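**Q** Coordinates only, no sequence provided:
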């Protein structure tokens, strides 16, 4: 018996020791943030305790409490609550109601309720725990300090700030007295007090506390701990609200990564990090990134916290704010309403978060013109914020600003002004004079001053706001990728436009105001391209050798993205494909950010550009014409009418005269933009016969002499004359004797070769007859001519006449796709538009109708034998061997090292952003949806309602007839398309700029499979050897790459020692036009790569005429003409060359033969047409423009022997 007792005692003792060891290990893991491991051990500890002492024991209660604490830390609140209740019940049963452990149990349960948002249940428990601890332990005890701290946090959470602050200060002081300065609980109090100051807008008090807490936690806990992550996250929040974005983003990302590592991806703290990082992206205009993160955070919160929780409400609120700014009002309103009701239920009617909901709902109503509903909500929010937060708080300033904005919108200026003045003063005091919110307040006040005829005061406010934005741009550009920079500039673009509007409307006679406006234009226009080019040049120059590896990695990523964008994955592979592409793009953006942070030249771009530096850099005798397209705000417009419309301005800056600025209003953009495609279409359409050389006009005004003459002089159309009157005649008086025009276009003017504009109302002379014209993206670009490179250029490179059908092998993927296409796949008959769009997002459009989709996207490049002539002739002049036919490979171009001369003679390509699959999905949705839903579907997809949609509908109708024998559906679709056609024709103001039906287009088929990317730099390319081979699905040899090089890949090349790049390819100057940023395509790519001078075309050009033009161009360079003059003289030669002169040399005879075959020149009695000028029409020469450094003489090779 004794032996059994002894054996049982030893076994019991082993369990006790084992439990104690496990318990100590659990505590260690908890403090180390290793919660998952700790939970496993805590469960074992609890099991041992129960086996040792049974259910009703103090150690069992402690083990249960520890396990509950771990679940709470992991965000598993529903699992924690019953454990806390069980532990508390055991404590009370064993120890009575008055015991320190009972007080601990009550405190823990209360804090869980606080985390769960059950505030009304939490407060009495926290108050009871504090009172009990004071009775049992005295006023000076660490547990008392903990209770004070926790009660303060609850009051902070429910907006009782006046009660929270003294409690937080008392808890911190007591912990320091009792525990010393270096203790984890002291750090906790410091962090909590900092959080309080942050929420109250007392940022200068919060920052040193946050920094101190972070440093202490690192000393006490090490770098890898959840509490360290929390400190980093809190500091990021503070810096973001202080406008210190450059400091905030890396902290956000670091905190999120650490929390994922330590707590797991589904922890509420990870959701908090995602939510706040989304808010950061939202403030920078990166809406698509923000939306994804907000949705992820919302899903996590709902999963962990349930649908009724303050954090869920916050997440929904943020998502609604984003949708409001994106104009998605119908999605935002129900979210705002739900959030308001949820917050009232959870937090009570008087809470700062409720005030925010009222304010946000009011803002939505104001945005959609429901002013009567907005005002009471704004007033209620302002009153509540003042009561809860005091008069000195950023949220109060925000409410004042918003209410003032409403009053301003409805003309109650007297009530608006004092509110704006007060908001500005609060923001300056709390945030400092350089904060972006101060800029917003200044702009809003300026708008009011403008509306009340105090324009001078308004101009001063706007200038101050622009200065703040300049500082923010410098800061953001050093932490951002190119796409991020574009997004941020979009968020402040209206302020830029507001400044121009003020100067245009009220200061057109003020030289000082016009100078300020031009300085701002020179700082802002095409700024992202200038910054990226500065980064590339700085690295390639050798100033940062340690970054060259990263730049090569960036180039490699660009190439990988281009290759992947080119590929055509099978439907079942689409998800993996999108994931891989997204990962590559994320790596690319991250590397761009890393490089940006280490190259100070990025910031200098914006600071160095002004009228003084640009005027000094302009060539002697030249004059800059800087066009600007902007949204003009009409302060006098009635409220019910549109208050904004797009306009063009032209700024005139003579070389060496920075004070002689002129600003000319060219009028509404719609009147200009409608004429540009008309002129382009007539200029880019090959004349059918010699007597139809007049562009868009008629023959009624010809004299009898002209009718009898064998020579018909080209004459501009009425539309061309009208356009010239608007965009050139108005600036003519300010050009004086200047004949060298450096034009920096904007908007759709980027698509116009100015040299073909008529010089006068007769239309018989063109600008090219009087002016020497070259182009820049922005006047700032002239400063690049001052950049010298010490690196030698390599030998010239000539690429021409690629073999687009380079031999290749059929790929495995193509065979599989072919097999799939033999199976009949029905178009679903009951698919909603939402489902269709979702299907498209998943990459399964092809499953809807792969036969049809492949039919719609088929494309090939036609041979370009005429480019061989050009390539061979120029190569002979330069003394180099050209890459022709099968040797015109992508690898040669990607591996080039800054050739002194680069000529690429091939087909260029630019694809519209809207892909054929978008039209196909819309068509399928319209076919299958109930009739009452069609109007809504069309309303949501207005950008797709155009001629392209009608063509797709006809193709689908044919497909339904031929492949599915569904004549009824086909007939219905054709009838519906006819109704749409009427609408399209009535609403259309201008023909589309398109190559769809252009007989000179280099590729056949409705649209190309070249790239499905939304990035215009991946939708612009040059076709090289093997392009058609790859398009047909065959595999190319490695050196051939993908048979096509994209603009994004060109942009990463090193062309900083390149003197001239010539793109003798159709459409090379085309791309996505973005007002204020230029053309995204080859133009931008070669500028980013460093090419000093770029010669390119604005429409498809005939091969042999181009060969002649380029032959003349290089001859002119050889004779010492500057680059723009060399091109212009070559263009003039083509305009004036006669049939007799063309007959004198082989290329001329080939041109004539080609024109005879096309009917442009009559082959009968050619001798009688000897003095005709068959190439006079701009179709043959007018597309070419010279962009960049125009005045460097010759080829810039420095070696005459190349000839």
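**A** Sure, I can see it. The structure presented is a predicted model; accordingly, all values stated were derived computationally and were not measured.
**Q** domains of the chain?
**A** 546-606, 611-634+644-784, 797-804+862-912+1000-1137+1175-1202, 824-859+914-987 (automatic domain parsing).
**Q** Lowest average confidence across these, which one?
**A** Ranked by mean pLDDT, the domains of the chain bottom out at domain 824-859+914-987, which scores a mean of 62.
**Q** still on that earlier bit, most neighbours per residue, which of the domains of the chain?
**A** domain 797-804+862-912+1000-1137+1175-1202 (a mean of 23; mean count of other CB atoms under 10 Å). C-beta coordinates here come from the backbone N, C-alpha and C atoms, glycine included.
**Q** Tell me the pLDDT of residue 159.
**A** The model's pLDDT for residue 159 equals 77.
**Q** no, scratch that, I was asking about residue 186
**A** 95.
**Q** Contacts for stretch 361-371, please.
**A** 320, 324, 329, 332-333, 336-337, 340, 373-375, 377-378, 381, 402, 405-406, 409-410 (CB atoms under 8 Å, 6 or more residues apart in numbering).
**Q** Hmm, residue 406 is touching residue 379, no?
**A** No - Residue 406 lies out of contact with residue 379 (CB atoms under 8 Å); the separation is 9.8 Å.
**Q** of these two, who's got more company?
**A** Using other CB atoms under 10 Å as the criterion, residue 406 and residue 379 rank with residue 406 on top: 22 against 15.
**Q** what helix or strand does the more buried one sit in?
**A** In the assignment (DSSP states H and E), residue 406 maps to helix 394-409.
**Q** in that helix, what's buried?
**A** Judged by neighbour count (16 or more other CB atoms under 10 Å), helix 394-409 contains these buried residues: 394-408.
**Q** before we move on, what about stretch 424-439?
**A** Buried, per 16+ other CB under 10 Å, within stretch 424-439: 424, 426, 427, 428, 430, 431, 434, 435, 436, 437, 438, 439.
**Q** picking that back up, so how do I select the buried members of the contacts of stretch 361-371 in ChimeraX?
**A** Of those, the buried ones can be selected in ChimeraX as follows, counting by 16+ other CB under 10 Å:
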select :320,324,332,333,336,340,374,375,377,378,381,402,405,406
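**Q** ok, residues contacting stretch 271-279?
**A** By CB under 8 Å, 6+ apart, stretch 271-279 touches 233, 236-237, 240, 252-253, 255-256, 259, 289-294, 296-297, 300-301, 304, 311, 314-315, 318, 322.
**Q** give me that answer again for 6 Å
**A** 233, 237, 252, 255-256, 259, 290, 293-294, 296-297, 300-301, 315 (CB atoms under 6 Å, 6 or more residues apart in numbering).
**Q** Filter those residues down to the ones in helices?
**A** 233, 237, 252, 255-256, 259, 290, 293-294, 296-297, 300-301, 315 (DSSP state H).
**Q** pLDDT and neighbour count for these - can I get that in JSON lines?
**A** Shown next, in JSON lines, are those (pLDDT from 0 to 100; neighbours: other CB atoms under 10 Å):
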{"residue": "233", "pLDDT": "96", "neighbour count": "22"}
{"residue": "237", "pLDDT": "94", "neighbour count": "22"}
{"residue": "252", "pLDDT": "95", "neighbour count": "24"}
{"residue": "255", "pLDDT": "96", "neighbour count": "26"}
{"residue": "256", "pLDDT": "96", "neighbour count": "22"}
{"residue": "259", "pLDDT": "93", "neighbour count": "25"}
{"residue": "290", "pLDDT": "94", "neighbour count": "26"}
{"residue": "293", "pLDDT": "95", "neighbour count": "23"}
{"residue": "294", "pLDDT": "96", "neighbour count": "26"}
{"residue": "296", "pLDDT": "95", "neighbour count": "17"}
{"residue": "297", "pLDDT": "95", "neighbour count": "27"}
{"residue": "300", "pLDDT": "91", "neighbour count": "24"}
{"residue": "301", "pLDDT": "89", "neighbour count": "25"}
{"residue": "315", "pLDDT": "95", "neighbour count": "28"}
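**Q** how about these in CSV, adding distance to residue 272?
**A** Below are the ones in helices among the contacts of stretch 271-279 laid out as CSV (distance: CB to CB, whole Å):
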residue, distance to residue 272
233, 7
237, 10
252, 11
255, 9
256, 9
259, 8
290, 15
293, 11
294, 12
296, 12
297, 7
300, 9
301, 9
315, 9
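**Q** Which parts of the stretch 751-900 of the chain are helices?
**A** 812-821, 833-841, 845-848, 850-857, 866-878, 890-894 (DSSP state H, counting those that start in this stretch).
**Q** I would like the residues contacting the longest one, please.
**A** Counting by CB under 6 Å, 6+ apart, the neighbours of helix 866-878 from elsewhere in the structure are 796, 798, 800-801, 882, 884, 903, 905, 1064, 1103-1104, 1107, 1110-1111, 1114, 1202.
**Q** Tell me how many other residues surround residue 1171.
**A** 12.
**Q** now, among the contacts of helix 866-878, which is nearest to residue 1159?
**A** Residue 1159 lies nearest to residue 1104 out of the contacts of helix 866-878, by CB to CB, at 16.0 Å.
**Q** Regarding the closest one, what is its secondary structure?
**A** helix (DSSP: H, G, I helix; E, B strand; the rest coil).
**Q** Is residue 1072 in a helix, a strand, or coil?
**A** Residue 1072 ends up strand, using three-state DSSP.
**Q** will you turn the buried residues of stretch 424-439 into CSV that also has distance to residue 922, pLDDT and secondary structure?
**A** Formatted as CSV, the buried residues of stretch 424-439 follow (distance: CB to CB, whole Å; pLDDT from 0 to 100; DSSP: H, G, I helix; E, B strand; the rest coil):
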residue, distance to residue 922, pLDDT, secondary structure
424, 47, 96, helix
426, 49, 92, helix
427, 46, 91, helix
428, 50, 91, helix
430, 49, 84, helix
431, 46, 85, helix
434, 47, 89, coil
435, 44, 89, coil
436, 39, 89, helix
437, 41, 91, helix
438, 45, 93, helix
439, 41, 94, helix
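**Q** Nearest to residue 596 among those?
**A** Among these, and counting by CB to CB, the member closest to residue 596 is residue 436, at 19.6 Å.
**Q** and residue 1042, that one's in a helix?
**A** No - the assignment for residue 1042 (three-state DSSP) gives coil, which keeps it out of a helix.
**Q** what about it, distance to residue 69?
**A** 57 Å (CB to CB, to the nearest Å).
**Q** Helices along the stretch 1051-1200 of the chain, start to end?
**A** 1082-1089, 1103-1118, 1123-1136, 1139-1142, 1146-1158, 1178-1181.
**Q** cool, the stretch 301-450 of the chain as well?
**A** Going by DSSP H, counting those that start in this stretch, the stretch 301-450 of the chain shows helices at 310-325, 329-347, 352-367, 371-389, 394-409, 413-431, 436-451.
**Q** tell me which strands and helices the second one is in contact with?
**A** When contacts are defined as 3 or more CB pairs under 6 Å, 6 or more residues apart in numbering; DSSP states H and E, helix 329-347 sits against helix 310-325, helix 352-367.
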